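Asks: What shape does this take:
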Amino acid sequence: ISRCLDKSTKILLVKQLIISRIDYCNSLYAGLPKKQLNCLQKVLNSCVRFVYGLHGHQEDYKKFFRESHILPIEQRIEFKVCLVAYKIVHNLAPDYLAEQVPLDNGSGVIRCTRGNSQPDSFKLKYAKLSSINANSKLRKRRPSIVLPEMWNKLPLELRALDSIDSFKARLKTRLYVEAFGEGNHPEWLCV
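Replies: Numbers count the residues shown, from 1 in each chain. Below you'll find the predicted structure:
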């Protein structure tokens with residue numbers, strides 16, 4: 001079947017049939033051990049091999065991911081986690097999530113270099129550490145830990161965007177540059 005399809009059709013099939021399944025609830029993959037994330041990355045690598053007709057295993061698939069506009073698994077997970085956090089901060093998430101990961105109203109102020117200060121009302125509150133299971137591997141994967149950790153490290157300009165579409169486009173651009181390097185992002189990401 002691969003020989004009968006052009007590259008753009010293969011990319012469409014891969015994104016609709018395989019990557020959409022990987023992306024479904026992929027925020028739950030946050031904090032998984034590298035070994036398990038590598039298994040998911042291998043699925044994405046197989047997709048790229050199918051699209052480009054590659055045989056055997058390549059050392060580096062980056063140029064193929066970049067060309068087909070597919071983010072690696074770690075960036076896909078970070079994208080979904082930050083999107084859920086955006087929805088919590090902007091009151092677009094279900095109540096049960098907002099209760100689990102509340103806004104940090106007492107986060108104070110960000111200091112600028114010239115002495116000006118800007119309030120940061122877009123931070124999420126970190127969960128309080130309990131002495132029981134404080135270093136547990138599972139505890140580090142809880143949404144109340146993962147969401148604030150990834151969200152709060154984003155720049156304020158990104159967290160403060162009003163439009164969810166603008167947020168998604170800029171976050172994807174940021175993750176694309178993180179994965180593939182400066183200056184290699186396609187025009188469609190720069191919305």
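Asks: which secondary element of the protein has the worst mean pLDDT?
Replies: When each helix and strand of the chain is scored by mean pLDDT, DSSP states H and E, strand 109-111 comes last, with a mean of 47.
Asks: could you point out which element follows the top helix by length along the chain?
Replies: Ordering each helix of the chain by length in residues (DSSP state H) puts helix 34-52 first. Of the helices and strands lying after helix 34-52 in sequence (DSSP states H and E), the nearest is helix 62-68.
Asks: Going by contacts, tell me the helices and strands next to that next one.
Replies: Packing partners of helix 62-68 (3 or more C-beta pairs under 8 Å, 6 or more residues apart in numbering; DSSP states H and E): helix 34-52, helix 164-180. Glycine gets a C-beta too; all of them are placed from N, C-alpha and C.
Asks: same for whatever helix or strand comes next after it, what does it pack against?
Replies: Once helix 62-68 ends, the next helix or strand along the chain (criterion: DSSP H and E) is helix 73-89. On a contact count with 3+ C-beta pairs under 8 Å, 6+ apart, helix 73-89 meets helix 20-23, helix 34-52, helix 95-100, helix 143-152, helix 164-180.
Asks: got the contact list for the second one?
Replies: Judged by C-beta atoms under 8 Å, 6 or more residues apart in numbering, the contacts made with helix 34-52 from elsewhere in the structure are 2, 7, 10-11, 14, 18-19, 22, 29, 54-55, 57-58, 61, 64-65, 68, 70, 72-74, 77.
Asks: Then the shortest one?
Replies: Contact partners of helix 20-23, identified using C-beta under 8 Å, 6+ apart, comprise Leu40, Val43, Leu44, Ile73, Arg76, Lys80.
Asks: where in this protein is pLDDT low?
Replies: The model of the chain has pLDDT under 70 over residues 102, 106-121, 124-141, 182-191.
Asks: mind redoing it with 90?
Replies: In the predicted model, the chain carries pLDDT under 90 at residues 1-4, 25-28, 31-33, 54-61, 88, 91, 93-149, 151-152, 181-191.
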